[in-house]
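> show me how the following folds:
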Amino acid sequence: MGFYSCKSNNSPAAIASTVDTVKFLPINDFILSDIKDVKNIPYFIYKIRTVNKKKDSTTFPTADFEKFAAPFLQYDINKQPLKGQFKETTFHDNTTKSNTFIYTPINADIAVRNITVLLDEATDKPKNIFIQINKQLNDTTVIERLQWKPRKSFRITKISQAKNFNEEESNYVSWNDVIN
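This next block holds a predicted model:
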């Protein structure tokens, strides 16, 4: 009798009715909200580009903002193909007065190594979003570190390493931040 009670229903109708309930923070929504804000409000936008410690700063046209912010949007862990490939760890950090959400891949082959989001403990709004991506391009290891400070700025740092080669490029874009 116990045999029948353990039988699972794997019929196509039963599988189709399964609802995916895994939900992570809507990181892309936070970033898209800022992009919309920048497109609608005439901020003074500037960019500081640093390559191997040499800096150059320029004004940055609003028309290029969304294109330049695109790397932040390509890693949506709430959608396929990344959905279901991450686990979430949360904790409260008294030092930063933040609730911290860390997303790490279940599979070590995924380029996204981690996503960390700090939410303000009082407002539950994001204070910082960090994404780290590791890629292998032929004989070169590329590490990308993305940082988004909601309503203020973002930074994309790219470190390329190969035998006898090491280059670091950082692009900081600010529309509402006073420090970099």
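
> ends of stretch 135-153, what's the gap?
Stretch 135-153 has an end-to-end distance of 25 Å (criterion: C-alpha to C-alpha, to the nearest Å).

> stretch 47-67 too?
OK, stretch 47-67 end separation, C-alpha to C-alpha: 14 Å.

> scan this protein for its longest helix.
When the chain is parsed with DSSP state H, its longest helix is helix 27-40.

> do you know the pLDDT at Thr123?
Note on Thr123: pLDDT of 93.

> helix or strand: which one has it?
Under DSSP states H and E, no helix or strand contains Thr123.

> and it, how many neighbours does it have?
8 (other C-beta atoms under 10 Å). To be clear about C-beta, it is placed using only N, CA and C from the backbone, and glycine gets the same treatment.

> spatially central residue in the chain, please.
Taking C-alpha atoms, centre = their mean, the centroid of the chain lies closest to Ile131, which sits 4.1 Å from it.

> show me what counts as buried in the longest helix of the chain.
Ile27, Asn28, Phe30, Ile31, Asp34, Val38 (16 or more other C-beta atoms under 10 Å).

> skip the chain neighbours and tell me the closest residue to the fourth one.
Here the nearest residue to Ile31 in space, its sequence neighbours aside, is Phe72; by C-beta to C-beta, 6 or more residues apart in numbering that works out to 5.0 Å.
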